[in-house]
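[1] Model the structure of this input:
(chains A and B)
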2 protein chains.
Amino acid sequence: MNINVKNSQNVTVVELAGEIDASTAPAMQEKVLPLAQTESKILLDMTKVSYTSSAGLRVLLSLFKEVKKNDGKLVLVGVSEEIQDTMSVTGFADFFVFCDHVDNGIKTLS
Amino acid sequence: MNINVKNSQNVTVVELAGEIDASTAPAMQEKVLPLAQTESKILLDMTKVSYTSSAGLRVLLSLFKEVKKNDGKLVLVGVSEEIQDTMSVTGFADFFVFCDHVDNGIKTLS
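    Numbers count the residues shown, from 1 in each chain, chains lettered A, B, ... in the order given. Next up, the predicted model:
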């Protein structure tokens, strides 16, 4: 998987591409978790993520906890319907703010 | 998907086979939920289920609630590792008792 980090209007935009599974999730976690600094505003753009396994869900939850601990904000963009449904059924969705587009995500975080 | 219901040692054994997705979940729910009568002991054998979508998770949660409401017991057998992981990550697993084999499931319910 590819991870690209950039800054836009004081928001850390993390573009993910590829599959998030047990083999790629550790590298993702290692790269993404340190971005959650004090009061960080993080946008995770998953538009180009083709597949998210339970290992990916685990990273999302870890990131959420880290962001919350540091009084930051987190928005997820482009999460697939199936993953959003899974989060919704399990009550997991309550933790996250979902946006359709990066622009809306940045607006939400600003 | 195929659903086969039989009785074994006072346990209602429900064998599921095929894919549980948005198109098959409603039929599954319609057939399985009414089995949750007062103090029913239900074993859901998912060994032959190849795929479970979020719609399947939703049915499992509905069944759990129905069983609980009626003071019954529910055991899941042969749930795939990925689904168990998803349930575990999201805290959803706490609702269920998992067994590897039907025999162990029946023993657990007896």
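[2] Up against chain B, what does chain A have?
    Within reach of chain B by Cβ under 8 Å from any Cβ of the partner chain, chain A has these residues: A:53-55, A:57-58, A:61, A:82, A:85-92. All C-beta spots, glycine's among them, are computed from the backbone N, C-alpha and C.
[3] Determine the number of other residues adjacent to the nearest residue to residue A:54 once chain neighbours are set aside.
    Setting aside the residues directly before and after it, residue A:54 is nearest to residue B:85 in space (Cβ to Cβ, 6 or more residues apart in numbering or on different chains), at 3.6 Å. Residue B:85 has 18 neighbours, counted by other Cβ atoms under 10 Å in any protein chain shown.
[4] Could I get the contacting residues of residue B:85?
    A:53-55 (Cβ atoms under 8 Å, 6 or more residues apart in numbering or on different chains).
[5] And the pLDDT at it?
    Listed pLDDT for residue B:85 reads 93.
[6] mind checking the SS state of it?
    With DSSP: H, G, I helix; E, B strand; the rest coil as the basis, residue B:85 sits in helix.
[7] likewise the one 3 residues further on?
    For residue B:88, the secondary-structure state derived from three-state DSSP is helix.
[8] what about the nearest residue to it once chain neighbours are set aside, how many neighbours?
    Using Cβ to Cβ, 6+ apart and skipping the chain neighbours, the partner closest in space to residue B:88 is residue A:54 (7.4 Å). Per other Cβ under 10 Å, the neighbour tally for residue A:54 reads 21.
[9] Am I right that residue A:54 is in contact with residue B:93?
    No - with contact defined as Cβ atoms under 8 Å, residue A:54 does not reach residue B:93; the gap is 10.7 Å.
[10] how about the strand with the most length in chain A: buried residues?
    Ranked by number of residues, the top strand in chain A under DSSP state E is strand A:41-52. Neighbour-count burial for strand A:41-52 flags A:41-46, A:49, A:52 (criterion: 16 or more other Cβ atoms under 10 Å in any protein chain shown).
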